[in-house]
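In: sequence unavailable; structure follows:
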């Protein structure tokens, strides 16, 4: 970013705030923008209530709050922390409040799929707006209709450009085939395959009863191919590991899993250690401390930094849908 851009941003009054969910990503975004993180203190009382203190004036400032949805136990604390931060900025007379949420919490609860089931992603959208958010920036929403849950602008960025760069430079690209681990991800993988001019395969999951995969059926030829298993999220990693086994049984040379959000909850790490995956790759939308020799990470902080710069200066962010900033 040139010095002229930094001077413009300084004149236009921008404040970067970060919660406790992902301080490393917040620091990376801060460095790429050339703007320091504002002083924020987030504490918990002895009864586990969250308290927020902002150590500088936000009056008539454009505020960007960086907080991601993560944690087996802490996700609700981080969500509450974000809501209180938004409210604190609102009553501190901030001009505009934009929440930067790389991994949107409760995104998988986006529809009423059974009787009396809540649409919790809609509830989270309502909470963010009620707290005082004016804009939301996120990445690779589990379901794009979540954008329609809001009455404020939502920019859903894509990890795809960064993933494309990774595939081209760090995999056996000439002998690769893209694979979707389920029918739901077929559209995503087909789009990647078109841009890379590669073939793609699909794994169909057959279930004898709910939430239990009885058999995986491969559609496509993966013999002697480097299989790139692409998904938006890896949580318990059961599907990824079973999909890897299916591909290896059908003659795959190797299997590399590439996901946007590496949640890795519960026994996921143990499953990955014992799997036949040659590599597991994720972005840093959530903090990942994987003690695995097969783990690799794609830095998407340049995308969020550029989105903040463009949004603050009134520029279009659609360029980021197809390009990964350096």
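Out: Arrived safely. In this text the structure is predicted, and so the values were computed from the model without any measurement. Residues are numbered from 1 along each chain as shown.

In: use CA for all of it now, contacts and neighbours both
Out: Noted.

In: got the contact list for the nearest residue to residue 54 once chain neighbours are set aside?
Out: Spatial nearest neighbour of residue 54, chain neighbours left out: residue 40 (4.6 Å); criterion: CA to CA, 6 or more residues apart in numbering. Contact partners of residue 40, counting by CA atoms under 8 Å, 6 or more residues apart in numbering, are 17-19, 52-55.

In: least trustworthy helix or strand in this structure by mean pLDDT?
Out: For the chain, counting by mean pLDDT, DSSP states H and E, helix 3-11 ranks last in confidence among helices and strands (a mean of 47).

In: against residue 147, how distant is residue 82?
Out: Taking CA to CA, to the nearest Å as the measure, residue 82 falls 19 Å from residue 147.

In: more crowded one of these two?
Out: Taking neighbours as other CA atoms under 10 Å, residue 82 and residue 147 compare with residue 82 leading, 26 against 19.

In: looking at it, the more buried one is touching residue 19, isn't it?
Out: Yes - shown here, residue 82 and residue 19 form a contact pair, counting by CA atoms under 8 Å, at 6.8 Å.

In: find the residues that touch each one of those two.
Out: 65, 67.

In: could you pull out the strands in the stretch 151-300 of the chain for me?
Out: Applying DSSP state E, counting those that start in this stretch to the stretch 151-300 of the chain gives strands spanning 154-157, 176-180, 200-209, 212-219, 226-234, 254-262, 279-283, 295-298.

In: tabulate those strands (JSON lines), appending distance to residue 66 and mean neighbour count.
Out: Below are these laid out as JSON lines (distance: least, CA to CA, whole Å; neighbours: other CA atoms under 10 Å):
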{"stretch": "strand 154-157", "distance to residue 66": "14", "mean neighbour count": "18"}
{"stretch": "strand 176-180", "distance to residue 66": "30", "mean neighbour count": "26"}
{"stretch": "strand 200-209", "distance to residue 66": "35", "mean neighbour count": "17"}
{"stretch": "strand 212-219", "distance to residue 66": "36", "mean neighbour count": "14"}
{"stretch": "strand 226-234", "distance to residue 66": "20", "mean neighbour count": "23"}
{"stretch": "strand 254-262", "distance to residue 66": "16", "mean neighbour count": "25"}
{"stretch": "strand 279-283", "distance to residue 66": "16", "mean neighbour count": "22"}
{"stretch": "strand 295-298", "distance to residue 66": "18", "mean neighbour count": "16"}
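
In: residue 248: which of those is closest?
Out: strand 254-262 (7.2 Å; CA to CA).

In: tell me what angle that closest one forms with strand 279-283.
Out: Angle, strand 254-262 to strand 279-283, by axes from the mean of the first three to the mean of the last three CA atoms, to 10 degrees: 20 degrees.

In: which other residues reach strand 254-262?
Out: 103, 140, 159, 163, 225-235, 240, 244, 247-248, 276-286, 288.

In: likewise for stretch 290-301?
Out: Contacts for stretch 290-301 (CA under 8 Å, 6+ apart): 25, 28-29, 32, 159, 162-163, 166, 269, 273, 277-285.

In: how far off centre is stretch 271-282?
Out: 19 Å (CA atoms, centre = their mean, to the nearest Å).

In: any chance of the strands of the stretch 151-300 of the chain in TSV, with distance to residue 97 and mean pLDDT too?
Out: Putting the strands of the stretch 151-300 of the chain into TSV (distance: least, CA to CA, whole Å; pLDDT from 0 to 100) gives the following:
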stretch	distance to residue 97	mean pLDDT
strand 154-157	12	97
strand 176-180	37	96
strand 200-209	41	77
strand 212-219	42	75
strand 226-234	27	95
strand 254-262	25	96
strand 279-283	25	95
strand 295-298	28	92
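
In: wait, which of those strands is closest to residue 320?
Out: strand 154-157 (7.1 Å).

In: identify the residues contacting the closest one?
Out: 135-141, 147, 320-321.

In: greatest separation within the contacts of residue 40: which pair is it?
Out: 19 and 55 (13.5 Å).

In: so between these two, which is more surrounded?
Out: Of the pair residue 19 and residue 55, residue 19 is the one with more neighbours under other CA under 10 Å, namely 20 against 10.

In: hmm, who's touching stretch 184-194?
Out: Counting by CA under 8 Å, 6+ apart, 160, 164, 178-180, 199-200, 202, 230-232 sit against stretch 184-194.

In: and those residues as a markdown table, adding distance to residue 306?
Out: Output for those, formatted as a markdown table (distance: CA to CA, whole Å):
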| residue | distance to residue 306 |
| --- | --- |
| 160 | 16 |
| 164 | 18 |
| 178 | 28 |
| 179 | 30 |
| 180 | 29 |
| 199 | 32 |
| 200 | 31 |
| 202 | 34 |
| 230 | 25 |
| 231 | 24 |
| 232 | 22 |
